[in-house]
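Q: generate a structure from the sequence data that follows.
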Amino acid sequence: MTDQREAIRSNAKYLRNVRPVDPEEICEYVESQPHPAVVARVLREEAVDLGLIEREDGTFVPVDEEPLQPTFRGVTEFPDAYARALEDLLVEQFGPGWPDGESGDELRETIRRLKDAYYRQNPVEYDETAALGYAVYHLPDYYAVFQYVLAELADEGLLPRSLRVLDVGAGVGGPALGLCDFLPDDALVEYHALEPSASADVLERMLAETGRNFHATVHRERAEAFSPESEYDLVLFANVLNELDEPEATARRYLDSLADDGSFVALAPADRNTSIGLRQVERSLTDVATVFSPTGRLWPSEEPSDTGWSFTVRPDLDVPPFQRRLDDAATDPDHSPGEFVNVDVQYSYAILRTDGERRIDFTADPNRWAKMAEMDEHVPDRIDLVALKLSHDLSEGESNPLFKVSDGSERTDHYAVVTRETSLNADLLGADYGDLLAFEGVLALWNDDEEAYNLVVDEETVVDRVPA
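A: Purely as a prediction, here's the structure:
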């Protein structure tokens, strides 16, 4: 069998440079005359090593070496195929009436316990029911979140079409499914997932729905124990840093498994504790890596030491049918409609690289701009400064628009407050999360109540986007 496999590989290596590799043709060249289906299976198993993608007609061709061209337009819903696969798991576990009766009550109580444990920062153990409850509540939002982060890398030409991915603490597979759907059909993915808990059972079932050129392997090992044997284009920690005993040390070790031009991506929920925890890990790694985004450093040799709570908000998803069914079936008096619906796409993230690449390649000029680390010297003056926009409108419409801003040097939180909107400062409201802005004539004040600096944007202030 080894000789047969090597013969198939040898013929494929030759033909890939001449014409599409056809299993029916290769079987004629192999001495044992294997069936075309056997040849196709071997080619699929060897596709990553050979750099081949399988086409709809069953032939194999070399993967394009050009980086991915972004076509991403956002995420509006969780796909039906994945929703059906999850419901199949729920039916297998609880029966066709899974949202009702004791099974529905068990799932709802499980989701409540998970939410409470995260809120209290308590450890979570995932048995079969907990894994399914987590999937019902979180699979859709993490499916969306990772695609927005991938889009940022693709926009900069930093996603190769042949992609090696290590997903540390892969959970039930939201990021994996998002990755699969983000990529075009002619991309080749070698995906490795680390997941030691019962969530791996859900993950493997969901991975069965991915495409023909998405080659997945699940390692049921803990992050602390696993030893990466390859270099990866993407190393992902999605909602897992907060669950590790030594998040900074573990992240540092996996940073070593990154390819020279690869990206280390960390994701966390938008809540205060997990977001701040992610930012602490990010800051602990800047001696060996560069922050690509979103919290860039605009001043050489400066590092921020504020709380670091920063997150972005994307459009809500349509309500998945399984969430609606579970929520509608609730009958207990403590239930509030929508309690088991989770369509918010709000998250914290960090992208680090070891090649020095930054999404915004900008260095502030001390002769032109004020530095946030020295803001005490500028209160209560009008100053000019550059800063990254690192929040949506935090006022939620109840007061003056308020945005977290950063230049990567701050020791204390800084917020831009719009007290008077004009055409000259409109770029602040219209800028996207992570955009670089120049403020001219902004009023620097100290806010005793919030123990933070307010940068007051009024009719005397000009705000402009700065080209990256």
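Q: what ranges does the stretch 251-400 of the chain have for its helices?
A: 272-284, 321-328 (DSSP state H, counting those that start in this stretch).
Q: using PDB, write out every CA atom in the first one.
A: What follows is helix 272-284, C-alpha atoms only, in PDB (Å, rounded to 0.1, in the frame of the first residue of the first chain):
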ATOM      1  CA  ARG A 272     -14.600  44.100  30.900                       C
ATOM      2  CA  ASN A 273     -12.700  41.200  32.600                       C
ATOM      3  CA  THR A 274     -12.000  39.100  29.500                       C
ATOM      4  CA  SER A 275     -11.200  42.100  27.300                       C
ATOM      5  CA  ILE A 276      -8.700  43.500  29.800                       C
ATOM      6  CA  GLY A 277      -7.200  40.000  30.200                       C
ATOM      7  CA  LEU A 278      -6.700  39.800  26.500                       C
ATOM      8  CA  ARG A 279      -5.000  43.200  26.400                       C
ATOM      9  CA  GLN A 280      -2.700  42.100  29.300                       C
ATOM     10  CA  VAL A 281      -1.600  39.100  27.300                       C
ATOM     11  CA  GLU A 282      -1.000  41.300  24.200                       C
ATOM     12  CA  ARG A 283       1.100  43.700  26.200                       C
ATOM     13  CA  SER A 284       3.200  40.900  27.700                       C
END
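Q: mind listing residues that contact it?
A: For helix 272-284, contacts defined as CB atoms under 8 Å, 6 or more residues apart in numbering pick out 118, 121, 239, 241-242, 247-248, 251-252, 266-269, 291, 295, 303-305, 307-311, 348-350, 352. C-beta coordinates here come from the backbone N, C-alpha and C atoms, glycine included.
Q: where does the prediction get shaky in this protein?
A: Low-confidence segments of the chain (pLDDT under 70): 1, 468.
Q: what backbone torsions are found at Cys27?
A: Main-chain dihedrals, Cys27, degrees, to the nearest 10: phi -60, psi -20.
Q: verify the contact between it and Pro34 for me.
A: Yes - if you go by CB atoms under 8 Å, Cys27 and Pro34 touch, sitting 5.4 Å apart.
Q: isn't Glu25 right up against Leu15?
A: Yes - assessed by CB under 8 Å, Glu25 is found in contact with Leu15 at 7.4 Å.
Q: and the most centrally placed residue in the chain, which of the three is it?
A: What sits nearest the mean C-alpha location of the chain, by CA atoms, centre = their mean, is Phe146, with 3.2 Å. Assigned state for Phe146: helix (three-state reduction, DSSP: H, G, I helix; E, B strand; the rest coil).
Q: tell me the contacts of it?
A: Residues near Phe146 by CB under 8 Å, 6+ apart: Gly174, Pro175, Gly178, Leu179, Phe182, Leu236, Ala238, Val265, Leu267.
Q: can I get these in TSV with neighbour count, secondary structure and distance to Thr129?
A: Below are these laid out as TSV (neighbours: other CB atoms under 10 Å; DSSP: H, G, I helix; E, B strand; the rest coil; distance: CB to CB, whole Å):
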residue	neighbour count	secondary structure	distance to Thr129
Gly174	27	helix	18
Pro175	29	helix	22
Gly178	25	helix	24
Leu179	24	helix	27
Phe182	22	helix	30
Leu236	26	strand	26
Ala238	24	strand	22
Val265	23	strand	29
Leu267	23	strand	24
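Q: with distance to Asp256 as extra columns, can I get those in JSON lines?
A: Formatted as JSON lines, these follow (distance: CB to CB, whole Å):
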{"residue": "Gly174", "distance to Asp256": "26"}
{"residue": "Pro175", "distance to Asp256": "21"}
{"residue": "Gly178", "distance to Asp256": "25"}
{"residue": "Leu179", "distance to Asp256": "22"}
{"residue": "Phe182", "distance to Asp256": "26"}
{"residue": "Leu236", "distance to Asp256": "15"}
{"residue": "Ala238", "distance to Asp256": "19"}
{"residue": "Val265", "distance to Asp256": "16"}
{"residue": "Leu267", "distance to Asp256": "20"}
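Q: return the member of those nearest to Leu188.
A: Leu179 (12.4 Å; CB to CB).
Q: so that closest one makes contact with Ala170?
A: No - counting by CB under 8 Å, Ala170 is not a contact partner of Leu179; they are 10.7 Å apart.
Q: settle it for me: which of Glu25 and Leu15 has more neighbours?
A: For Glu25 and Leu15, the more surrounded residue by other CB atoms under 10 Å is Leu15, and the numbers stand at 18 against 15.
Q: gap between the more buried one and Val61?
A: 10 Å (CB to CB, to the nearest Å).
Q: which neighbours do those two share?
A: In contact with both Leu15 and Val61: Val21, using CB under 8 Å, 6+ apart.
Q: separation between the closest residue to Gly308 other than its chain neighbours and Glu243?
A: What sits nearest to Gly308 in space, not counting adjacent residues and going by CB to CB, 6 or more residues apart in numbering, is Arg279, at 3.1 Å. As judged by CB to CB, Arg279 and Glu243 stand 17 Å apart.
Q: again with Ala268
A: Ala268 sits 11 Å away from Glu243, taking CB to CB as the criterion.
Q: go on, Arg55?
A: Taking CB to CB as the measure, Arg55 falls 40 Å from Glu243.
Q: same thing with Asp449?
A: Distance from Asp449 to Glu243, counting by CB to CB: 34 Å.
Q: between these two, tell me which one has more neighbours.
A: Glu243 (15 against 5).
Q: hang on, the more buried one packs against Gln121?
A: No - Glu243 is beyond contact range of Gln121, at 9.8 Å (criterion: CB under 8 Å).
Q: any of the contacts of helix 272-284 buried? List them.
A: Buried subset of those (neighbour count, 16 or more other CB atoms under 10 Å): 118, 239, 241-242, 247-248, 251-252, 266-269, 291, 295, 304, 307-311, 348-350, 352.
Q: break the protein into its domains for me.
A: In terms of domains, the chain is parsed into 2-62, 80-353, 372-465 (source: automatic domain parsing).
Q: what about the strands in the stretch 251-400 of the chain?
A: 258-269, 290-293, 312-314, 345-353, 382-389 (DSSP state E, counting those that start in this stretch).
Q: who wins for proximity to Val48 among these?
A: strand 258-269 (14.5 Å).
Q: elements contacting that closest one?
A: Here strand 258-269 touches helix 128-155, strand 232-238, helix 247-255, helix 272-284, strand 345-353, going by 3 or more CB pairs under 8 Å, 6 or more residues apart in numbering; DSSP states H and E.
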